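A.B. asks: predicted model follows, preceded by the sequence.
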Amino acid sequence: MTESGEARVAAVLARLSGLGDVPVGEHVAVFEEVLSGLEATLASVGDASPAQGDGRP
């Protein structure tokens, strides 16, 4: 799998590495879980405090 450069994204995408061990009937649930995790990560991008960002308000 390609590195994303973002630890939170990598952690969510790591869930896909075990997909081969999951019955096909459960794949949709795994994909939905991954999508939800990616959406949550994306939504939190703007939540960083100025101390963590570039110092601008």
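C.D. replies: It's in.

A.B. asks: in stretch 13-21, what's buried?
C.D. replies: Leu13 (16 or more other CB atoms under 10 Å). Placement of C-beta: from N, CA and C, glycine included.

A.B. asks: that stretch: how far from the chain's middle?
C.D. replies: 13 Å (CA atoms, centre = their mean, to the nearest Å).

A.B. asks: kindly report the same for stretch 27-46.
C.D. replies: 6 Å.

A.B. asks: who touches that stretch?
C.D. replies: 6, 8-9, 11-13, 15-16, 19, 22 (CB atoms under 8 Å, 6 or more residues apart in numbering).

A.B. asks: tell me the pLDDT at Gly46?
C.D. replies: Note for Gly46: predicted pLDDT of 76.

A.B. asks: what does Arg8 give?
C.D. replies: 90.

A.B. asks: from Leu35, how far off is it?
C.D. replies: Distance of Arg8 to Leu35, given as CB to CB, to the nearest Å: 14 Å.
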